[in-house]
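Trainee: sequence and predicted structure are below.
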Amino acid sequence: MEKQEKYGGSTLTFEVIAIILGLMFLVPFYFVAINSLKTLGEILVDAASLPKDVIWANYSKAWDVIKFPTALFNSVSISIVSVVCIVVVSSMTAYRFVRRPTVFNKIMLSLLVASMIIPFQSIMLQLVRITSMLELRGHFYGIVACYIGFGLALSTFLFHGFIKTVPLEIEEAAVVDGCSPLGVFWKIVFPLLKPIIITVIILNTLWIWNDYLLPVLVIGSNKDLTTLPLAITRLFGQYTKQWDLALAALAVSIVPILAFFLFLQKHIVEGITAGSVKG
Amino acid sequence: MGNKKFSEWMQQTLFVGPGLLFFSVIVIVPFLLGFYYSFTNWDGLDLDRAKWTGMDNLNRIFTNDEKFWDSLWFTLKFTVITVIATNVLAFLLALVLARPLKSRKVLRTVFFMPNVIGGIFLGFIWQFIFTKGFYTIGEKTGWGFFELPWLGTPDTAFWGLIIVFVWQTAGYMMVIYIAAFAGLPKDLIEAAKIDGAGYGQLLKSIMIPMVMPAITICLFLTISNAFKMFDLNLTLTKGGPGTSTQSLAYNIYTEALINNKYGLGTAKAMLFFFAVSLITVTQVWLTKRKEVEA
């Protein structure tokens, strides 16, 4: 028999403390929001109070200076294409690893898992060299190729753990019916992987969207491919201490990922729990 | 028979080939090349001009590179403090949110929110908070804490980085701890309560040992993230004032990409790899031994 926990005085105390702490967590967002609507002079005089006059012009100026539509488009397209490729490549690899656990495949899986410990810094300089040699640098497909390479390990590992639980019998029936190996995978196995696909999409999107160093090195001087983190960093390099402009630019840059989080938060929280328990 | 073998080979190529290709070209080959470049004077440009210089880079790092060792010491201090602070805060938040609070769902969202924003953005946001926001709060309340020159002195900049890192990471770990608490067997806790166990005893003898796998994961994630901190460092303090808050990752970055000493940078990056591996493998080995079966 399970007792329903009562909402007593101590719970109320905890509730109050937790809410105060929650408000403290939100203070930085409050500062960005209110100050992005003030003149620089007003920001410098008093950063804590609400704006006297709401200055929307900060936003239109920031929008132009960081070329927001281009940067947003680049961030979105690089993230989506990379994540789709990661899902396709790593699920196929993992499927084969589960169904044909040959010595080679087992070694490959251990190598993938072990590679997760390598810090990006230990690869980046040589990667710059290799991506230049292969003419991947400065190209859309080049940065996508890099994200596939770096995203594979964790994603394959997560798919591997999940596919192990998919019963073989369904596939055998399809093979008897004359389905090709690719057909079996895409038509029968892949749809069953939905929960883990969501986890893989979320973990990779959050990482790729916010990534800074890899795009700096691989996109480099090609300004047409500038992503949001690069655009913001460039802005801060040019306009130091222009907080009216900078805060408006920061606000528009973090809105897309915040919206992504708030819409999908149930999946995100579940995805992270699933991802970390397996990892 | 030959046909079947051929078909197997085709399938292996089709399914594993693409993954193997990307993994080799992007991760394995560059990583292995790193061991070679570490012993050269590569300047980032022409590889033909990179000469084998033997132990020169390592000699220089070990005998004549104070900044590298300062950044190692900074990174170690930073990692120890943030790992403890993040996990204690996350654990407490999870304990509180495990109670039937009315605002539980909203609070979970709030505590997690900083995590979805990248370190680059957070660093800039907090640069504003530390220089302008705190100053205003200090003026209004008169609390000296807020009137400190936060990013202006080595000590306060160090703590500034810690505050932001903990604020960013605690929510993520909290989510993992909440899931672990939800998986605790209720009858065991009820039985312990009936036997007269206090809250502290319950925590020490049942809850902590039972959520040990979650602790292993959270420690692993926080240690490796803190030890590899870069984005936040770049945009919040730029390693300053001076080079006092330069993390190892940032030191490697400046050595190679600012000073153009790619060979030396690679040598440092390889040492960095060994340090990260040693620390995380030791931690996982230590905490895994403490895990118990449910």
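Mentor: Great, that's in hand.

Trainee: contacts, neighbours, all on C-alpha from now
Mentor: OK.

Trainee: hmm, B:Ser38 and B:Lys51 touching each other?
Mentor: No: when contacts are counted by Cα atoms under 8 Å, B:Lys51 is not listed as touching B:Ser38 (10.8 Å).

Trainee: comparing those two, which residue is more hemmed in?
Mentor: For B:Lys51 versus B:Ser38, neighbours defined as other Cα atoms under 10 Å in any protein chain shown are more numerous around B:Ser38 (26 against 14).

Trainee: can you give me phi and psi for the more buried one?
Mentor: For B:Ser38, the backbone dihedrals are phi -60, psi -20 (criterion: degrees, to the nearest 10).

Trainee: quickly find the element holding the closest residue in space to it that isn't next to it in sequence.
Mentor: Using Cα to Cα, 6 or more residues apart in numbering or on different chains and skipping residues adjacent in sequence, the residue nearest B:Ser38 is B:Ala267, 4.1 Å away. B:Ala267 is located in helix B:262-288, with elements delineated by DSSP states H and E.

Trainee: any buried residues in that helix, and which?
Mentor: Across helix B:262-288, burial judged by 16 or more other Cα atoms under 10 Å in any protein chain shown covers B:262-273, B:276-277, B:280, B:283-284, B:287.

Trainee: got a list of what residue 220 touches?
Mentor: Reading this off chain A. Taking Cα atoms under 8 Å, 6 or more residues apart in numbering or on different chains as the contact definition, A:Gly220 lies against A:137-138.

Trainee: that's the wrong chain, I wanted chain B
Mentor: By Cα under 8 Å, 6+ apart, the residues touching B:Phe220 are B:280, B:283-284.

Trainee: leaving out chain neighbours, which residue sits closest to the residue of the stretch 151-294 of chain B found nearest chain A?
Mentor: Here the residue of the stretch 151-294 of chain B nearest chain A is B:Ala269; by Cα to the nearest Cα that distance is 4.6 Å. Among residues not flanking B:Ala269 along the chain, A:Ser122 sits closest, at 4.6 Å (Cα to Cα, 6+ apart).

Trainee: check the burial of that neighbour by counting its neighbours.
Mentor: A:Ser122 - counted by other Cα under 10 Å - has 27 other residues nearby.

Trainee: and A:Thr102, by the same measure?
Mentor: Around A:Thr102 there are 12 residues (other Cα under 10 Å).

Trainee: on the pLDDT front, check it for me.
Mentor: Here, the pLDDT recorded for A:Thr102 equals 94.

Trainee: what does it show for phi and psi?
Mentor: Backbone torsions for A:Thr102, taken as degrees, to the nearest 10, come to phi -70, psi 170.

Trainee: go on, B:Thr40?
Mentor: phi -130, psi 170.

Trainee: likewise the one 3 residues further on?
Mentor: Main-chain torsions, B:Asp43, degrees, to the nearest 10: phi -110, psi 10.

Trainee: what residues are up against it?
Mentor: B:Asp43 touches B:50, B:260-263, counting by Cα under 8 Å, 6+ apart.

Trainee: longest helix in the chain, please.
Mentor: Reading this off chain A. Across chain A, the longest stretch assigned as helix under DSSP state H is helix A:243-278.

Trainee: um, chain B though
Mentor: Counting residues, the longest helix in chain B under DSSP H turns out to be helix B:66-97.

Trainee: show the subsequent helix or strand relative to it.
Mentor: According to DSSP H and E, the helix or strand after helix B:66-97 is helix B:104-112.

Trainee: still on that earlier bit, is the longest helix of chain B anywhere near chain A?
Mentor: Yes: interface with chain A: helix B:66-97 contributes B:93, B:96 (Cα under 8 Å from any Cα of the partner chain).

Trainee: could I get the buried residue list for that helix?
Mentor: Residues of helix B:66-97 classed as buried: B:68, B:70-72, B:74-76, B:78-79, B:82-83, B:85-87, B:89-91, B:93-94, B:96-97 (neighbour count, 16+ other Cα under 10 Å).

Trainee: ditto for stretch B:152-162
Mentor: Judged by neighbour count using 16+ other Cα under 10 Å, the buried positions of stretch B:152-162 are B:154, B:157-162.

Trainee: and for stretch A:144-153?
Mentor: When burial is assessed from 16+ other Cα under 10 Å, stretch A:144-153 yields the following buried residues: A:144-153.

Trainee: grab the nearest non-local neighbour of the residue most central in space within chain A.
Mentor: The centre of chain A sits closest to A:Leu206, judged by Cα atoms, centre = their mean, with a distance of 1.5 Å. For A:Leu206, ignoring the flanking residues on the chain, the nearest one in space by Cα to Cα, 6+ apart is B:Val116 at 6.4 Å.

Trainee: my guess is the one you found contacts A:Leu258. True?
Mentor: Yes: applying Cα under 8 Å, one finds B:Val116 in contact with A:Leu258, separated by 7.0 Å.

Trainee: between the two, which one's more packed in?
Mentor: More crowded of B:Val116 and A:Leu258, by other Cα under 10 Å: B:Val116, with 21 against 17.

Trainee: ok, that one - contacts?
Mentor: Neighbour list for B:Val116: A:206, A:257-258, A:261 [criterion: Cα under 8 Å, 6+ apart].

Trainee: export the residues you listed as TSV, with columns for pLDDT.
Mentor: As requested, these are arranged in TSV below (pLDDT from 0 to 100):
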residue	pLDDT
A:Leu206	92
A:Ile257	93
A:Leu258	93
A:Phe261	91
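
Trainee: quick check: the farthest pair among the residues you listed?
Mentor: Within the contacts of B:Val116, two members stand farthest from each other by Cα to Cα: A:Leu206 and A:Leu258, at 10.5 Å.

Trainee: residues touching A:Leu235, list them.
Mentor: A:65-66, A:246.

Trainee: interface residues of the stretch 51-200 of chain A facing chain B?
Mentor: Among all residues of the stretch 51-200 of chain A, those adjacent to chain B (criterion: Cα under 8 Å from any Cα) are A:89-90, A:92-93, A:95-96, A:117-119, A:121-127, A:129-130, A:145-146, A:148-150, A:152, A:181.

Trainee: are any of those buried, and which?
Mentor: By the neighbour-count criterion of 16+ other Cα under 10 Å, these include these buried positions: A:89-90, A:92-93, A:95-96, A:118-119, A:121-127, A:129-130, A:145-146, A:148-150, A:152.

Trainee: excluding sequence neighbours, find me the nearest residue to A:Val54.
Mentor: Leaving aside its chain neighbours, A:Val54 sits nearest to A:Leu37 (5.3 Å; criterion: Cα to Cα, 6+ apart).
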